[in-house]
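[1] What shape does this take:
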Amino acid sequence: MNRIIRDKQDMTHLSWSKIRNSSGTAGSFLKAYSMLGGKKTYYKLSNFDKTRGVVGHECVNEIIVDRLLDILGIPHLHYQLIHADVMIDGKPQEVYLCASEDFKQKGESKLALDAYWEIERAESESALDFCIRNGWEEYVYQMMVVDFLILNRDRHGANIEVLRNSRKKTIHLAPLFDHGLSLLFSCTDDSAVAEYDVMADKRVNNFIGSGSTWDNVNSIPKKKLPQLHALKETDRDVLMNGLDGIISQTLQDKIWEMIWKRWCAYEDLCHSR
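    Next comes the predicted model:
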């Protein structure tokens, strides 16, 4: 699949609905979907402000994290970044949006993890202990490492989904998805990017674990620390391939600095225990 489509597409037929921005920043996110040949495709835009239009770069973050998880060998949902004309509130907008296919297979139903935990948990059972009891320990620990590497600010309970097939009597967690509110998502210009501390342990909205991505990684038992495929300095070119002219060079450099320094910190943690 071509992950970046730079030729502008006419996608003015899409109907966008607003999703509340749970990160606490101003603005909202717009989502849409289409059905073609029985296949459902989901679309979303970066942060949208009624006055300024689409101002964020969360859709670009999805592509960068998609590539990062490929390198690390972690199962995840794949995204496309598409240059498109869209119509929002009757006004045309030229944007880069991201698209993903429905990960729910035939016969499966899905439920947010927080809702499933509320129904099925034992008394006083934490979300982490609940996931461990259900056999999802490896998944959760990989997620914690990823969220540290990219400083994911919004891993709330609906950004982890449970997939169930009642006929086959199977239940599992959906592949990792929705990484837009990560990296330097709050920086809307290069001056803010230049001042950003990529190792700052900012407060995050997590359903599992604490509000610190670093504390969550540190809480993983030594023998359970995920052994991921190693990130290399040459992987910068892989992560940023094709993004010239879509985001600034300053932002590309800072995103790579964040990912690389945090990866080195994780490797140090693994070797120090």
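
[2] Distance-wise, check Pro226 relative to Val145.
    Distance of Pro226 to Val145, computed by Cβ to Cβ, to the nearest Å: 5 Å. C-beta here means a position set from N, CA and C on the backbone, and glycine is covered the same way.

[3] Looking at the two, which one has more neighbours?
    Neighbour count, other Cβ atoms under 10 Å: between Pro226 and Val145, Val145 has more, with 23 against 19.

[4] ok, the more buried one - contacts?
    Residues in contact with Val145, defined by Cβ atoms under 8 Å, 6 or more residues apart in numbering, are Val217, Ile220, Leu225, Pro226, Leu228, Tyr266.

[5] residues shared between the contacts of Pro226 and Val145?
    Common neighbours of Pro226 and Val145 (Cβ under 8 Å, 6+ apart) are Ile220.

[6] buried set for stretch 189-201?
    Val193, Tyr196, Val198 (16 or more other Cβ atoms under 10 Å).

[7] ok, of those residues, which one's closest to Phe130?
    Val198 (32.4 Å; Cβ to Cβ).

[8] How about the closest one, nearest residue that isn't a chain neighbour?
    Nearest in space to Val198, with sequence neighbours left out and distances taken as Cβ to Cβ, 6 or more residues apart in numbering, is Met258 at 3.7 Å.

[9] Now for the one you found, how many residues are close by?
    Neighbour tally, Met258, other Cβ under 10 Å: 21.

[10] go on, Thr188?
    Thr188: 16 neighbours (other Cβ under 10 Å).

[11] show me what contacts it?
    Val55, Gly56 are the contacts of Thr188 under Cβ under 8 Å, 6+ apart.

[12] what do you get for Cys59?
    Lys44, Leu45, Ser46, Tyr79, Leu81, Tyr96, Leu97, Cys98, Gly180.

[13] which SSE is it in?
    Per DSSP states H and E, Cys59 falls inside helix 58-72.

[14] just checking, what packs against the following helix or strand past that helix?
    Once helix 58-72 ends, the next helix or strand along the chain (criterion: DSSP H and E) is strand 80-88. Here strand 80-88 touches strand 4-10, helix 58-72, strand 91-101, going by 3 or more Cβ pairs under 8 Å, 6 or more residues apart in numbering; DSSP states H and E.
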